[in-house]
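Q: using only what follows, build the 3D model:
(chains A and B)
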Amino acid sequence: MAETTARAEPRSSGTPRPATRPVAVRFDEVHFSYGSIGVLEGASFHIHAGEFAALLGPNGSGKTTMLKLLLGLLRPDAGRVLVFGEEARAASRQVGYVPQAVVYDPAFPISVAEVVLMGRLRGSFGRYGRADQEAAARAMNEADVAGLASRPYAALSGGQRRRVLVARALAAEPRLLVLDEPTSNMDAESEAQLFQSLGRLKGRATILIVTHDTGFVSALTDSVLCLGDREGRRGAVVHHPAAPVEGEPPKAFGGAALRVLHEAELPEDGCFSCEGEER
Amino acid sequence: MSGFLAALLDPGLPFIRNALAAGLLSSILFGVLGSVVTVKRIAGLAGAVSHAVLGGVGLALFLSVKRIAPGLPPIAGAIAFALVSALLIAWVSLKAKQREDTVINAIWAIGMSLGVLFIAKTPGYIDPMSYLFGNILLVSGRDLLLLAILDALVLAAAWLFYPQLEASAFDEEFARTRGARTDLVFLGILAVVAVAVVLLQTFVGIVMVIAMLTLPAGTAGFRARNLAGMMVGATALSAAFSALGLAASWSADLPAGATVVVIAGASFLAAAGARGAARALARGRGARASRASGGPGDEGRGAKP
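A: Residues are numbered from 1 along each chain as shown, chains lettered A, B, ... in the order given. Predicted structure coming up:
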């Protein structure tokens, strides 16, 4: 592929940005290791509220660990993970999480509507009420799965299941939606529907997509973060710009894709939308 | 069968009525707890807890006959062993996943062996058969009361914590991101199963409790639309298997617990076979239809490079 667009302007979403945009996610010098195996050695980055961000990294780069830290399932050894200014664990109810897949017993009898309602779970106590049913119904409409509501979850295709998991995350009316490898093993139609749903949601919630595909991102993307080893340090994050590909755009993400320009980068915790002015 | 009905109504045979009451009260535990055990896939853990109970029975018999703790009922030792083994298993399962299998099997074997050793060293003759395989005709009024209390507690807990039970069995990680203490849910399930196993073993015995915790739930799971439906279906099936088993064992002079388990097992196999056959038939029909319409539709295109 020609690299003619390498000097392209960093892409902006087109909306004017106030000087101090609130930050949705901030990793501040985060260290994490499994025993003696270091995974993150001082990772720092931030994502602004309302942004559509992509976190890219090859397999084994620490994406899953970063995701678990963000969801409050793991705690950092050092440094801080803040979500809307709170510790990740305290903020987890404001986060909608779409896992890559659910490893569950296929003999588990459960309908799509019941899976989506699970997004309304509140802690260790409390049954679902009318408000929960209504929120789940809205989420099923947003994720285009309302027609599947009474189907058994096990009877769906992989792509349909992923959209049901998106609906489950949306049922919580999250301020931050995190999707883990949303397009892996997905048919083209489901992928297009998913990105239509995300496009409608963009701006109302902060969206973070985590993926091992380091070549292209959806045209909805405002901000590209790349996770990998840098100067002998594991789990460093840099920002890359992304730009439309000249000629025929690859058909993915339900429309045009952007090429990630790996040759241009900002220093750690830099950001194309605030150029570090906020820190 | 008519002989069983006559015996039920015979005022001189109260133990038959007790046996049927025990079977019906047990059905609620088999149905509700069995469904949770099945969808959470912890039947192996429940099996270890139920077998370890023999150690507690043996210890209590030994202590009471040796006059170290006179009058100590076997059920007290059984509950102590059940809870301790459940806690150990829960701790290992939550903290040291890679050793889980080994530890669970060790608890299973050590519990049973301790029971055999204590019983061997207890003066006088004790028949372990009734503990291993149950003796429903020895069910007492106190057993029925305890079963009824546990039924009420389990039904209340299943109603109150239904969302947490369902979510932590379906997708534990997601449930944790929603703030549910899935470790406590797991611990609670194991503790309740431990106590239930002790009360249920009077009905079908230590060895076969696990069969009744899995077979009716598994059979109901073929047709159920959700976890609640599975619980209701499994309870109804357990009640039917228990009543049928008791009647058959009375008529043919067979051990009741084993008869009930054989009926439950045969029903499960028949239901599984029928489901397999129905699926094969549907697949065959689908393949013929797709050949007729010119091949399969959109098969998806997998992950991008």
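
Q: what about B:Ala169, neighbour count?
A: Number of residues near B:Ala169 (other C-beta atoms under 10 Å in any protein chain shown) recorded here: 26. Every residue, glycine included, has its C-beta placed from N, CA and C.

Q: list the contacts for the most centrally placed residue in chain B?
A: By C-alpha atoms, centre = their mean, chain B has its centre lying nearest to B:Leu213, at 2.2 Å. With contact taken as C-beta atoms under 8 Å, 6 or more residues apart in numbering or on different chains, B:Leu213 is in contact with B:30, B:33-34, B:37-38, B:43, B:46, B:193.

Q: quick one: which of those is nearest A:Ser111?
A: B:Thr38 (17.8 Å; C-beta to C-beta).

Q: contacting residues around the closest one?
A: A:107, B:213-214, B:217-218, B:221, B:230.

Q: Validate this expectation: it resides in a helix.
A: Yes - assignment of B:Thr38 by DSSP: H, G, I helix; E, B strand; the rest coil places it within a helix.

Q: re earlier: for the contacts of B:Thr38, give me JSON lines that also has pLDDT, distance to B:Leu200 and secondary structure.
A: Shown next, in JSON lines, are the contacts of B:Thr38 (pLDDT from 0 to 100; distance: C-beta to C-beta, whole Å; DSSP: H, G, I helix; E, B strand; the rest coil):
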{"residue": "A:Ala107", "pLDDT": "79", "distance to B:Leu200": "23", "secondary structure": "coil"}
{"residue": "B:Leu213", "pLDDT": "95", "distance to B:Leu200": "8", "secondary structure": "helix"}
{"residue": "B:Thr214", "pLDDT": "95", "distance to B:Leu200": "13", "secondary structure": "helix"}
{"residue": "B:Ala217", "pLDDT": "96", "distance to B:Leu200": "14", "secondary structure": "helix"}
{"residue": "B:Gly218", "pLDDT": "95", "distance to B:Leu200": "17", "secondary structure": "helix"}
{"residue": "B:Gly221", "pLDDT": "94", "distance to B:Leu200": "20", "secondary structure": "helix"}
{"residue": "B:Met230", "pLDDT": "97", "distance to B:Leu200": "19", "secondary structure": "helix"}
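
Q: please list only the buried members of those.
A: Listed as buried from these are B:213-214, B:217-218, B:221, B:230; burial here means 16 or more other C-beta atoms under 10 Å in any protein chain shown.

Q: what distance do you get for B:Ser140 to B:Ile75?
A: The gap separating B:Ser140 from B:Ile75 is 10 Å, by C-beta to C-beta, to the nearest Å.

Q: what's the burial count for the residue nearest to A:Arg259 when sequence neighbours are not counted?
A: Closest residue to A:Arg259 apart from its sequence neighbours, by C-beta to C-beta, 6 or more residues apart in numbering or on different chains: A:Val245 at 4.8 Å. Residues near A:Val245, counting by other C-beta under 10 Å, number 19.

Q: element containing A:Ala243?
A: strand A:242-244 (DSSP states H and E).

Q: now swap in B:Ala274 and tell me
A: Here B:Ala274 is assigned to helix B:256-293, by DSSP H and E.

Q: run the chain-centre distance for that helix.
A: Helix B:256-293 sits 23 Å away from the centroid of its parent chain (C-alpha atoms, centre = their mean, to the nearest Å).

Q: is chain A contacted by it?
A: No - counting by C-beta under 8 Å from any C-beta of the partner chain, chain A has no neighbours in helix B:256-293; the shortest distance is 10.2 Å.

Q: now that helix: buried residues?
A: So for helix B:256-293, counting by 16+ other C-beta under 10 Å, buried means B:256-265, B:267-268, B:271.

Q: with respect to A:Glu87, which of the residues you listed is nearest?
A: Relative to A:Glu87, and with distances defined as C-beta to C-beta, the nearest of those is B:Phe268, at 48.0 Å.

Q: ok, back up a step: which of the contacts of B:Leu213 sits closest to B:Ala90?
A: Among the contacts of B:Leu213, and counting by C-beta to C-beta, the member closest to B:Ala90 is B:Val193, at 10.6 Å.

Q: what's the helix or strand for the closest one?
A: In this assignment (DSSP H and E), B:Val193 forms part of helix B:182-204.

Q: do me a favour and get the end-to-end distance for stretch A:253-263?
A: 23 Å (C-alpha to C-alpha, to the nearest Å).

Q: from chain A, how far out is the closest residue to B:Leu13 other than its chain neighbours?
A: Excluding its sequence neighbours, the residue lying closest to B:Leu13 (C-beta to C-beta, 6+ apart) is B:Ala7, at 5.2 Å. Note on B:Ala7: its distance to chain A, by C-beta to the nearest C-beta, to the nearest Å, is 38 Å.

Q: which of the helices or strands spans B:Ala7?
A: Per DSSP H and E: helix B:2-9 holds B:Ala7.

Q: all helices of the stretch 51-200 of chain B, in order?
A: When secondary structure is read from DSSP state H, counting those that start in this stretch, the stretch 51-200 of chain B shows helices at B:74-95, B:100-121, B:129-133, B:141-160, B:162-170, B:172-177, B:182-204.

Q: can you tell me the SS state at A:Val81?
A: A:Val81 - assigned by three-state DSSP - is strand.

Q: try A:Pro174
A: Under three-state DSSP, A:Pro174 comes out as coil.

Q: if I pick it, what's in contact with it?
A: A:94-96, A:205.

Q: what's the answer for B:Ala169, then?
A: Applying C-beta under 8 Å, 6+ apart, the residues near B:Ala169 are A:105, A:108, B:36, B:39-40, B:227.

Q: then B:Ala196?
A: With C-beta under 8 Å, 6+ apart, B:Ala196 has these contacts: B:29, B:33, B:150, B:154.

Q: these: which two are farthest apart?
A: The most distant members of the contacts of B:Ala196, if one measures by C-beta to C-beta, are B:Leu33 and B:Leu150, lying 9.5 Å apart.

Q: all strands for chain A, in order.
A: Taking DSSP state E to define them, one finds strands in chain A at A:23-34, A:37-48, A:52-56, A:78-83, A:86-87, A:95-98, A:176-180, A:206-211, A:216-218, A:223-230, A:233-240, A:242-244, A:257-260.

Q: pLDDT weak spots in the stretch 51-200 of chain A?
A: Within the stretch 51-200 of chain A, no range satisfies pLDDT under 70.

Q: ok and the residue in it nearest chain B?
A: A:Asp187 (3.6 Å; C-beta to the nearest C-beta).

Q: return the distance of A:Glu181 relative to A:Ala188.
A: 16 Å.

Q: again, but for B:Met212
A: With C-beta to C-beta as the criterion, B:Met212 and A:Ala188 are 48 Å apart.

Q: higher neighbour count, those two?
A: Comparing B:Met212 with A:Ala188 by other C-beta under 10 Å, the one with more neighbours is B:Met212, at 28 against 15.

Q: surely that one and B:Ile263 touch.
A: No - contact criterion C-beta atoms under 8 Å: B:Met212 and B:Ile263 do not qualify, at 10.5 Å.

Q: overlap of the contact sets of the two?
A: B:Phe241.

Q: tell me the one among the buried residues of helix B:256-293 nearest to B:Lys66.
A: B:Gly257 (29.2 Å).
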